[in-house]
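> I would like the atomic coordinates for the input below:
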Amino acid sequence: MGRIVVTGGAGFIGSHLADRLLAEGHDVIALDNLSTGHARNIAHLLGHAKFHFIKYDVTDYIFVDGPVDAIFHLASLPSPVDYLQKPIPTLKVGALGTHKTLGLARAKGAVFLLASTSEVYGDPRVHPQPETYWGNVNPVGPRGVYDESKRFAEAMTMAYHRYHGVDTRIFRIFNTYGPRMRPDDGRVVTNFIAQALRGQPLTVYDDGARTRSFCYVSDLVEGILRLWHARCTDPVNLGNPREMTILEFARLIKELSQTSSPIEFLVPTDERTKDDPNTRRPDITRARELLGWEPQVALEDGLRATIDYFRARLGEEAA
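All right, here's what the predicted structure looks like:
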């Protein structure tokens, strides 16, 4: 069993990863400054003998006493609401945060796993997106702070691998959903579910023809852990190749949530959808061949679990 550091450990994905690592018997040290993560995501772990939480900003120098076997660097501001409101912290955690955590990995001889993103592909001109595609990113657009922070983080990770011999992995996360997402994070899954449960119109930008693919969080965590134990330093896409339009997705949320809310079409008036990718679907050939991995949770089943979580969460907030 190992001693594992998870940055962003109180976040949506980080807390699920911590659950799984603890279930496998590892010691977990979760670092999070709680700027986008929340203590409620790890409240059930605080009494666990092998779980340790440190409120910390990973853009500062990181010291961890004792051995460390692996570092999962998930600290980030990945939602449009967050990176548009906090562009400089977004850049800092991708650049300085990656630098500091790589330094810790080098000092401890630990495996370093970087959580990257499908956003490194930008608005893609290749479909579906394989890891060999270099992307189509606007570095000076409003989304550039997130896209380029992750592209820089990948470059920094490979530099530490090549020049310092750090054992590294890079996984590119495609749209992932599940319990513990924030209702106000501005992503399409949370927007539609929260609107449906509140009896509000489901707001679809333009004609809803943009496409996305959605991966349930437990499938993502399984892929991350398989990559940890694989000998692969090249980036690996982790996502669900089932693609659908945003309008189709809105209709599915309506059906599963049993809401009478209408679908409302909007013309965007802010920067949230500027440079928004028109298509997004992962080519997961590499994950299938190297990791024997592909998603197992059906979209409808994962959405039902997520809707149940949101129904309870919104009920608590209304009480």
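> wait, what's in contact with Phe192?
When the contact criterion is CB atoms under 8 Å, 6 or more residues apart in numbering, the partners of Phe192 are Leu202, Phe249, Ala250, Ile253. C-beta: built from backbone N, CA, C; applies to glycine.
> cool, and Pro139?
Taking CB under 8 Å, 6+ apart, one finds Asp147, Glu148 in contact with Pro139.
> re earlier: any chance of the contacts of Phe192 in JSON lines, plus secondary structure?
Shown next, in JSON lines, are the contacts of Phe192 (DSSP: H, G, I helix; E, B strand; the rest coil):
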{"residue": "Leu202", "secondary structure": "strand"}
{"residue": "Phe249", "secondary structure": "helix"}
{"residue": "Ala250", "secondary structure": "helix"}
{"residue": "Ile253", "secondary structure": "helix"}
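> Farthest pair within the residues you listed?
Longest distance between any two of these is 9.4 Å, between Leu202 and Phe249; criterion CB to CB.
> Neighbour count for those two, which is higher?
Legend: neighbour count by other CB atoms under 10 Å for Leu202 and Phe249, higher for Leu202 (26 against 23).
> Just give the closest residue to His38, not the sequence neighbours.
Ala10 (6.1 Å; CB to CB, 6 or more residues apart in numbering).
> which residues does the one you found contact?
Applying CB under 8 Å, 6+ apart, the residues contacting Ala10 are Ala30, Asp32, Leu34, Gly37, His38, Ala39, Asn41, Ile42, Phe53.
> what helix or strand does it sit in?
Following DSSP states H and E, one finds Ala10 outside all helices and strands.
> The one 10 residues further on too?
For Arg20, the enclosing helix or strand under DSSP H and E is helix 12-23.
> was I right about Asp206 contacting Pro268?
Yes: with contact defined as CB atoms under 8 Å, Asp206 reaches Pro268; the gap is 7.4 Å.
> Restricted to helices, list the contacts of Ala10.
Applying DSSP state H to these, no entry is found in helices.
> Can I get the buried part of these as one ChimeraX selection?
ChimeraX command restricting those to the buried ones, with burial defined by 16 or more other CB atoms under 10 Å:
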select :30,32,37,38,41,42,53
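> okay if I get the contacts of Ala10 as TSV plus pLDDT and distance to Leu102?
TSV is the format used below for the contacts of Ala10 (pLDDT from 0 to 100; distance: CB to CB, whole Å):
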residue	pLDDT	distance to Leu102
Ala30	98	18
Asp32	98	18
Leu34	97	23
Gly37	95	21
His38	96	26
Ala39	96	27
Asn41	98	25
Ile42	98	24
Phe53	98	22
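> any idea which of the contacts of Ala10 is the one closest to Gly141?
Nearest to Gly141 among the contacts of Ala10, counting by CB to CB, is Gly37 at 26.2 Å.
> Let me see the contact set for the closest one.
Contact analysis of Gly37 by CB under 8 Å, 6+ apart lists Gly8, Gly9, Ala10, Gly11, Phe12, Gly14, Ser15.
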